[in-house]
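Participant: please find the sequence and the predicted model below.
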Amino acid sequence: MLTKNASFFLPKLPPDKLFTIDGYESGMAAYRAARTVEGMIEGASARFGFLSAPGVAGFMGAGWWLALIAALEDSTGLAFWHALDCGGSAAYALGAVRMGQKHAVLQASAAQFNAIKAVYTQEFGMLLSARPPSFHLIPSLCHTSSLVGYFTDGYCQSSDPENKLPDTRQKKDCYP
């Protein structure tokens, strides 16, 4: 008679140290830093994990996230705990688990959350109702000072007539 080890089938809890990443380089930066800290890497598993940016499932997709994690795992030889943020979309969360994503964040109504959580539990995964604390390795997409500079013509205008986008250098760095 075969017996099952119940703990084998329970979802793996998130590690204490999570990093919000937006791509391969930010994931590798976390890995390189972890290599210098004793106890963060044990054998073939890391004692830290990755969290996608908020709502990534909606604009990059679960396939992109899974490919990113696979690339990081291949490059490092480690297994990482990772969660995909699905925002408020139960459809993205359901699609992600069907693609093999084990852990996700879903901020939806209680009824939607509970329905999708049942699927994650069935797949031995974990659905979180809120983003866990993480260290953000994502550069800010916009800084207030940069936006103010753009609105007040604080940036150079490109001298190339074909390039209609403003230059990102500040005026003090522009050449006449």
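Facilitator: In hand now; what should we look at?
Participant: surely G49 is in a strand?
Facilitator: Yes. Counting by DSSP: H, G, I helix; E, B strand; the rest coil, G49 is located in a strand.
Participant: I'd like the next helix or strand past the helix or strand encompassing G58.
Facilitator: Per DSSP states H and E, G58 falls inside helix 56-59. Scanning forward in sequence from helix 56-59 by DSSP H and E, the next helix or strand is helix 62-76.
Participant: how much distance is there from that next one to the middle of the chain?
Facilitator: Chain-centre distance of helix 62-76: 11 Å, with CA atoms, centre = their mean, to the nearest Å.
Participant: and if you look at stretch 41-56?
Facilitator: Distance, centroid of stretch 41-56 to centroid of chain: 9 Å (CA atoms, centre = their mean).
Participant: buried ones in stretch 24-42?
Facilitator: By neighbour count on 16 or more other CB atoms under 10 Å, the buried set for stretch 24-42 is S26, G27, A30, Y31, A34, M40, I41. For glycine as for every other residue, the C-beta is placed from the backbone atoms N, C-alpha and C.
Participant: let me know the closest of those residues to G100.
Facilitator: Proximity to G100 was ranked across the buried residues of stretch 24-42 by CB to CB; first place goes to G27, at 18.2 Å.
Participant: tell me who's in contact with the closest one.
Facilitator: F19, I21, F50, L68, L72 (CB atoms under 8 Å, 6 or more residues apart in numbering).
Participant: show me where the chain has strands.
Facilitator: 17-21, 41-42, 45-52, 79-85, 103-105, 126-128, 135-136 (DSSP state E).
Participant: ok, and the closest non-adjacent residue to Y24?
Facilitator: A71 (5.8 Å; CB to CB, 6 or more residues apart in numbering).
Participant: any idea how far the residue nearest the centre of the chain is from Q122?
Facilitator: In the chain, the C-alpha nearest the mean C-alpha coordinate belongs to S52, at 1.3 Å (CA atoms, centre = their mean). Distance, S52 to Q122, using CB to CB, to the nearest Å: 22 Å.
Participant: how about A104?
Facilitator: Counting by CB to CB, the gap from A104 to Q122 is 14 Å.
Participant: who's more crowded, those two?
Facilitator: Using other CB atoms under 10 Å, the more surrounded residue of A104 and Q122 is A104, with 26 against 9.
Participant: pretty sure the more buried one contacts A130?
Facilitator: No. Contact criterion CB atoms under 8 Å: A104 and A130 do not qualify, at 11.9 Å.
Participant: having no further points to raise, I will conclude here.
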